[in-house]
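*Asks:* need coordinates for the following:
(one chain, ligands or ions: 1)
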Amino acid sequence: MAEPSTSPPSPWNVANALTILRVVLVPLFGWLLLRHGGDDDASRVAAFVAFGVAMTTDRLDGDLARRRGLVTDFGKIADPIADKALTGMAFVGLSLLGELPWWVTVIVLVREWGITVLRFAVIRYGVMAANRGGKLKTVLQTLALGLYILPLPGWFDPIEATVMAAAVIVTVVTGVDYVLSAIRLRRSATP
Ligand SMILES: O=P(O)(O)OC[C@H](O)CO
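*Replies:* Numbering: from 1, shown residues only. The predicted model follows:
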């Protein structure tokens, strides 16, 4: 009888292809958002659709990977990077358009790319995959960014600002949580 294969799944799978698709959509989304100085409603709606499709692949690739046994170390590292490329484009784009203060974008970028550097720094002790807090943060950022990207009437402004404030707070808190996890991972791996 043939022995069941114990080799890890190949990184060349449909879940990781969706992650890569998310990165490929970043320039298209950025172009649509910044087109005509952000003043063209049709371009803003198209940017929102591109952003929504790309962020939906975030949900799909994770579900697919878990259900079909396609979870790979490549996916654990690449998935958060793909999210950060897309949300980073949205934060920078909105700040370039003058619709979101730069300090908000800087705080988010420092947390996101700082945690990415940290993931690589501790990789020899183990892969620090996205946790529940990180996933909640991505949902809140997606919601907040979606509201900012859509050309909504002015009375939406306080709602947009409130959701964005919640997203930024959870972004910072989960960033601190990852730093503590990295410390624990290093401690548990060093005798
Ligand atoms: O907070 P992170 O860096 O783990 O990123 C979370 C991912 O974007 C969730 O898909």
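
*Asks:* for the rest of this, base every contact and every neighbour count on C-alpha atoms.
*Replies:* OK.

*Asks:* which residue lies nearest the spatial centre of the protein?
*Replies:* The centroid of the chain falls nearest to Asp83 when counting by CA atoms, centre = their mean (2.4 Å).

*Asks:* now for the closest residue to Ala82 other than its chain neighbours, how many residues are close by?
*Replies:* In space, and not counting its chain neighbours, Ala82 is closest to Val23: 5.4 Å by CA to CA, 6 or more residues apart in numbering. Residues lying near Val23 (other CA atoms under 10 Å) number 19.

*Asks:* show the backbone phi and psi for Val71.
*Replies:* Dihedral pair for Val71: phi -70, psi 120, per degrees, to the nearest 10.

*Asks:* if we ignore the residues flanking it in sequence, what's nearest it?
*Replies:* Sequence neighbours aside, Ala65 is the residue nearest to Val71 in space, at 5.0 Å (criterion: CA to CA, 6+ apart).

*Asks:* please apply the same query to Asp79.
*Replies:* Asp79's closest residue in space is Thr19 (CA to CA, 6+ apart), at 5.9 Å.

*Asks:* is that neighbour in a helix, a strand, or coil?
*Replies:* helix (DSSP: H, G, I helix; E, B strand; the rest coil).

*Asks:* same question, Met164
*Replies:* On the three-state scheme (three-state DSSP), Met164 is labelled helix.

*Asks:* what pLDDT does it get?
*Replies:* On pLDDT, Met164 comes in at 98.

*Asks:* apart from its chain neighbours, what residue comes closest to it?
*Replies:* In space, Met164 comes closest to Ala144 once its chain neighbours are excluded; the distance is 5.0 Å by CA to CA, 6+ apart.
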